[in-house]
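Trainee: after the sequence you'll find the predicted model.
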Amino acid sequence: QAQLVESGGGLVQPGGSLRLSCTASGITLDDYVIGWFRQAPGKEREGVSCINSNSFNTRYADSVKGRFTISRDNAKNTAYLQMDNLKPEDTAVYFCAAERLVVCSAVPHRSEYDHWGQGTQVTVSS
């Protein structure tokens with residue numbers, strides 16, 4: 001059974017950095033596109049970034065472009081989201097998701113992904 005576990009969230013001041021991890025078990029991430037999503041209170045879950053299986057393609061939402069970097073280490077069955085220059089509007093629960101039957105050619109949409117983690121809270125506040 002596929003399981004994704006996010007970690008690395010927390011409280012950070014504006015301008016600070018966090019690195020989220022998404023570790024998979026029960027599946028081999030080599031075969032999957034990874035997407036990162038976030039959901040703020042009262043808002044829909046939105047796509048943040050995606051990376052294809054060989055890391056050649058990545059996409060970012062405009063709101064995070066230039067500040068967030070997605071990466072993966074297939075040998076560790078883990079994906080990452082490096083978040084720099086964080087802003088209060090980045091506050092949300094962050095989720096990773098994995099899907100084989102999708103390509104990372106645009107900002108990911110939640111309807112395209114079947115395997116999800118439970119999420120990790122990121123709070124940006126002074």
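Mentor: Arrived safely, thanks for sending.
Trainee: strands of this structure, start to end?
Mentor: 3-7, 10-12, 18-25, 33-39, 46-51, 58-60, 68-73, 78-83, 92-99, 115-116, 120-124 (DSSP state E).
Trainee: which among the ones you listed is found nearest to residue 105?
Mentor: strand 58-60 (7.1 Å; C-beta to C-beta). The way it works is simple: take the backbone N, C-alpha and C, and place the C-beta from them, glycine included.
Trainee: buried sites along the closest one?
Mentor: 59-60 (16 or more other C-beta atoms under 10 Å).
Trainee: could you do stretch 108-118 as well?
Mentor: Those would be 108, 112-113, 115-117, for stretch 108-118 by 16+ other C-beta under 10 Å.
Trainee: for the closest residue in space to residue 78 that isn't next to it in sequence, what are its contacts?
Mentor: Spatial nearest neighbour of residue 78, chain neighbours left out: residue 23 (4.7 Å); criterion: C-beta to C-beta, 6 or more residues apart in numbering. By C-beta atoms under 8 Å, 6 or more residues apart in numbering, the contact set of residue 23 is 4-5, 7, 76-78.
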